[in-house]
Each structure stands twice: as structure tokens, then as C-alpha cells.
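Asks: can you look at this prediction? I've put the sequence above it.
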Amino acid sequence: SPVWPKDIVRCLHDSIIHYPASAAKKITGTLDTLNKQLTQSGKEVFIYELLQNANDYPRKIKIGSETKPIPVEVEFHLTDEFLTFQHTGDYFNPRNIAAICDINDGEKSDNVEAIGYKGIGFKTVFLDNDYVYLSTGRYSFRFDKSATDVINTPWQILPVWTEPSHVPTTIQDIFNRHPNDLFRVKFALKPRDSKILTDRDRGDNYIDLFCSVFETERVILFIPNIQKVSVFLGDMAIPAIVRENNNSNWCVSKLAPVGVPESI
């Protein structure tokens with residue numbers, strides 16, 4: 001008999017929720033430590049991790065004897081309550097789902113083309129957020145700190161099946177702006193302090209953070225499968241930030257002869 005997405009998510013949920021108390025406490029502590037270490041260089045790390053997620057799973061097309069990735073488009077939407085992220089790459093498969101519900105994503109370890117091959121960076125999305133929703137294909141679930149009152153539950157890897165109709169209307173409205181088969185992976189993040197999203201009086205607000213990250217094209221230049229990134233603010237129909245990865249505008253020049261050792 002077929003195994004349905006809902007069954008897979010519930011199986012993952014049940015296996016994690018039944019961890020022994022000592023193991024759950026240890027995993028929870030490990031997740032907290034990882035988050036602190038991964039974001040030491042700056043809060044914007046989670047943006048890079050989401051971009052890497054889009055880069056590492058493009059759809060592919062066969063041209064003659066070659067299989068080539070289809071350039072990926074990315075959209076971020078900043079609203080009063082949520083940050084949404086969606087991309088036109090490939091749907092998550094069961095291995096991807098299992099990997100995102102784990103601490104160390106071994107699913108990428110054998111994929112030399114994956115930038116995020118170490119697989120732990122996705123957990124940076126939980127730095128400011130206690131709610132992260134994912135919709136891809138027939139999968140619809142969330143990581144939600146408030147979904148369980150069991151002490152020391154590693155909720156950051158605990159998937160909770162969520163019917164699309166039960167998702168806040170703000171998220172539904174954004175996700176429904178395009179045909180369902182265009183943006184195949186969709187995330188919604190809800191910060192525990194919503195003011196961080198749009199309150200520019202705060203030094204760590206997301207509007208300034210995104211403006212800084214996408215000040216130039218250099219961020220997506222080194223994420224080769226991403227063609228375009230758009231950032232929307234509030235109800236704006238036109239993105240406030242658009243960055244396109246046009247490699248024809250860039251070149252790599254040879255170093256001038258300054259005595260650099262051959263080994264270097």
C-alpha cells in the first residue's frame with residue numbers, strides 16, 4: 001500500500017515525541033548550541049541558508065545527453081506577522097523531509113553540488129522564530145514550539161501535520177498569488193517578536209537586514225542555480241528589492257605578478 005505524506009510526517013513526529021527524556025534534553029541542548037554557533041557571524045546567516053536550500057534542489061531538464069538545472073526564482077515577503085520564503089526549485093521528496101526533521105542532514109553529504117552539504121544550517125531559522133511552516137507538493141506541516149507542552153521536546157525537528165486550510169490567511173494569500181506549480185517549496189516564519197519584521201526603529205529589524213544582504217548581486221553570484229531574488233514589503237505588488245544573477249556582468253581577472261607563491 002502507498003505511504004502518504006501525512007503518514008510520513010506523523011511517523012517522524014511519533015518517533016521524536018517518544019524520545020527518552022534524557023535523550024530529548026540532550027538534543028534540545030545541542031540544537032540551542034548549534035543555533036548560537038551558526039549565527040555568531042551575524043543574524044543574516046538564516047537568509048543565506050534559505051537561499052542555499054533553493055540552490056541545492058533545482059528542477060532539471062535534459063538537453064541532448066546533458067542534464068542541466070533550471071534557474072531558480074526566489075521570493076521573500078515581509079508582513080506585519082510573518083516572513084515567507086518560496087522558490088521554484090524542485091519539490092521536497094521523502095528523504096528531504098526526513099532530513100529537515102533531523103539534526104545532521106546526511107541527505108546532502110554525498111551531493112558534492114550542494115552548497116549546504118553539512119546540512120545543519122537550516123536550524124538557523126529558529127533563532128528568532130518559534131513557528132516555521134513548510135508546504136511542498138502534498139506535504140504541509142510546521143515546527144511549532146507551542147504545539148507541545150512536554151518539557152525539553154526538540155520541537156525544532158518535530159513536524160506537526162498542518163492542513164493548508166488551517167494556516168493563517170496572511171500566509172495563504174501570499175502563497176496563492178501564483179499557480180501552485182510555480183513556487184514548489186514554501187516556508188512561513190513567525191518571529192516570537194513581530195516588531196523585528198518591519199519596525200525600523202529597531203537596530204535588528206528585517207527590512208534593514210534584507211536591504212543590507214541584497215545591497216548588490218554578490219550574494220546570489222555565488223549561488224549559481226538562483227536566477228532571481230525578489231523581496232516584497234507588506235502588501236506591495238512590486239518587489240522592493242530585485243536581484244538577478246547575470247554572470248555576463250562579472251569576470252574573474254588574473255592576479256597581477258606580485259610574487260604569489262605557486263602553492264598558493
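Replies: Done, it's in.
Asks: remind me, longest helix of this protein?
Replies: Scanning the chain for the helix with the most residues, using DSSP state H, yields helix 21-38.
Asks: can you tell me what sits against it?
Replies: 19, 45, 103, 120-121, 123-124, 126-127, 150, 152-154, 156-157 (C-beta atoms under 8 Å, 6 or more residues apart in numbering). (Glycine included, C-beta is placed from N, CA and C.)
Asks: adjacent strands (with direction) for the helix or strand harbouring residue 131?
Replies: Per DSSP states H and E, residue 131 falls inside strand 129-136. Strand pairing for strand 129-136, using DSSP bridges, gives strand 139-144 (antiparallel), strand 185-191 (antiparallel).
Asks: ok now the longest one, how far from the chain's centre?
Replies: Between the centre of strand 185-191 and the centre of its chain there are 8 Å (C-alpha atoms, centre = their mean, to the nearest Å).
Asks: ok, then the element right after that strand?
Replies: Next along the chain from strand 185-191, counting by DSSP H and E, comes helix 195-198.
Asks: for the stretch 151-264 of the chain, what spans make up the helices?
Replies: Assigned by DSSP state H, counting those that start in this stretch, the stretch 151-264 of the chain shows helices spanning 169-175, 195-198, 206-213, 218-221.
Asks: the second one - contacts with which helices or strands?
Replies: It stands for helix 195-198. helix 206-213 (3 or more C-beta pairs under 8 Å, 6 or more residues apart in numbering; DSSP states H and E).
Asks: can you give me the strands in the protein?
Replies: 60-63, 66-69, 72-78, 83-87, 129-136, 139-144, 160-161, 185-191, 226-233, 241-244 (DSSP state E).
Asks: can I get the fifth one in PDB, CA atoms only?
Replies: I take that to be strand 129-136. C-alpha atoms of strand 129-136 as PDB (Å, rounded to 0.1, in the frame of the first residue of the first chain):
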ATOM      1  CA  ASN A 129      11.100  32.100  15.200                       C
ATOM      2  CA  ASP A 130       9.100  29.600  17.300                       C
ATOM      3  CA  TYR A 131       6.900  28.800  14.300                       C
ATOM      4  CA  VAL A 132       8.100  27.600  10.800                       C
ATOM      5  CA  TYR A 133       5.600  26.200   8.300                       C
ATOM      6  CA  LEU A 134       6.500  24.300   5.200                       C
ATOM      7  CA  SER A 135       4.400  23.500   2.200                       C
ATOM      8  CA  THR A 136       5.800  21.400  -0.700                       C
END
